[in-house]
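Q: Here is the input, now give the coordinates:
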Amino acid sequence: MSRIGIADQFAQLIRTVQTEYDLFRLMEEITVEMGFRHFALISHVDLRRQASNVVQIYNYPPTWVENFVRNGLYAYDPVLLASLRSAVGFVWSDIPTIIEMTNRQRVILENAAKHGLGDGFTIPAHIPGEIHGSCSFAMRPGFQVPKANLLMAQLIGSFAFQAARRLNQVNLPISQHRSHLTPRQRDCLLWAIRGKTDWEIGQILGLNEQTVSRHLDMARERYGVTKRLPLAVQAIFDGQISFTEALF
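A: Modelled structure (predicted):
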């Protein structure tokens, strides 16, 4: 059977899946058939928090999942960040061409390899009004991504994420998932993302420096973070600030 034929067969079969366990087993089988080792269907949320109506189906190495969750790496993960900048699937080794990677992000990929995740392929899931998500397929360290199967992986990843959404009833507006920022908090954060100091933000918005700092402190409290970078990342993930605005 051709690769497109396999993807079509998968699309027909996955429509009949009724439980997460059945989807998990089906994903394990197709992942191996395509030449990968691991898969992850996830909504881009902080897994340290309890959240409903989100997608979390994966067979990544348990030690990596534990490390990822415990250290809150989703806010810095280059794979998740790159998925926000791409409308189609991308190979992880190509991430430096999509985003400007920091040393911390390089270390994240290096540590992932130590836990059993080598190169991979991620299909972004951008659905208006919902939290961003993705389907990823990964190799063991030292193995190359099966590039001949990437189109098939693109199709299968899209069908799989749609099935996961259906099973988890991920159809709530993003406003019901997120921590709302007030208009002033959003304005202050937007200018902070653009590289302005608290004093400069105050001059732009007609506020004093202390008021700007207070707005940003309250925004961090709403998200339960202590630094501005994860605050900015979460606000972008939640759709409260778009990349277009942030890169203005």
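Q: Identify each of the helices in the protein and give its residue range.
A: 3-14, 20-33, 62-70, 78-83, 103-114, 150-168, 183-193, 198-205, 209-223, 228-237, 243-246 (DSSP state H).
Q: Name the surrounding residues that touch the second one.
A: In this case it means helix 20-33. 6, 10, 13-14, 17, 37-39, 41, 57, 59, 137, 156, 160, 163-164, 167-168 (Cβ atoms under 8 Å, 6 or more residues apart in numbering). For the C-beta atoms, the positions are set from N, CA and C on the backbone; glycine is no exception.
Q: thinking again about what came up before, will you turn the helices of the chain into a markdown table that also has mean pLDDT and distance to residue 45?
A: Formatted as a markdown table, these follow (pLDDT from 0 to 100; distance: least, Cβ to Cβ, whole Å):
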| stretch | mean pLDDT | distance to residue 45 |
| --- | --- | --- |
| helix 3-14 | 84 | 23 |
| helix 20-33 | 95 | 17 |
| helix 62-70 | 93 | 11 |
| helix 78-83 | 92 | 10 |
| helix 103-114 | 95 | 17 |
| helix 150-168 | 92 | 12 |
| helix 183-193 | 91 | 19 |
| helix 198-205 | 95 | 28 |
| helix 209-223 | 93 | 11 |
| helix 228-237 | 78 | 8 |
| helix 243-246 | 64 | 18 |
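Q: that older thread, restricted to buried residues, select the contacts of helix 20-33 in ChimeraX.
A: To isolate the buried subset of the contacts of helix 20-33 in ChimeraX, counting by 16 or more other Cβ atoms under 10 Å, use the following:
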select :6,10,14,17,37,38,39,41,57,137,156,160,163,164,167,168
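Q: Got the domain ranges for the chain?
A: 3-173, 178-246 (automatic domain parsing).
Q: Check the offset of the first one from the chain's centre.
A: Between the centre of domain 3-173 and the centre of its host chain there is 8 Å, according to Cα atoms, centre = their mean, to the nearest Å.
Q: what do you get for the shortest one?
A: A distance of 21 Å separates the centroid of the chain from that of domain 178-246, by Cα atoms, centre = their mean.
Q: please begin residue numbering at 54 from this point
A: Sounds good: first residue 54 from here, last item domain 231-299.
Q: tell me the contacts of residue 129?
A: Contacts of residue 129 (Cβ under 8 Å, 6+ apart): 155, 157, 158, 161, 282, 283, 286.
Q: can you rerun that using 7 Å?
A: Applying Cβ atoms under 7 Å, 6 or more residues apart in numbering, we find residue 129 in contact with 157, 158, 161.
Q: Which of these sits closest to residue 267?
A: residue 157 (28.1 Å; Cβ to Cβ).
Q: how close does that closest one get to residue 277?
A: 20 Å (Cβ to Cβ, to the nearest Å).
Q: Compare neighbour counts for the two and give me the winner.
A: The neighbour comparison of residue 157 against residue 277 (other Cβ atoms under 10 Å) goes to residue 277, with 14 against 11.
Q: okay, now residue 114: neighbour count?
A: 18.
Q: Revised request: answer the last question for residue 170.
A: Considering only other Cβ under 10 Å, residue 170 is surrounded by 24 other residues.
Q: With residue 273 instead?
A: Quick note: residue 273 (other Cβ under 10 Å) scores 17 neighbours.
Q: OK, contacts around it?
A: Going by Cβ under 7 Å, 6+ apart, the list of residues near residue 273 reads 279, 284.
Q: Let me know whether residue 211 touches residue 176 as I believe.
A: Yes. Counting by Cβ atoms under 7 Å, residue 211 does reach residue 176; the two are 6.1 Å apart.
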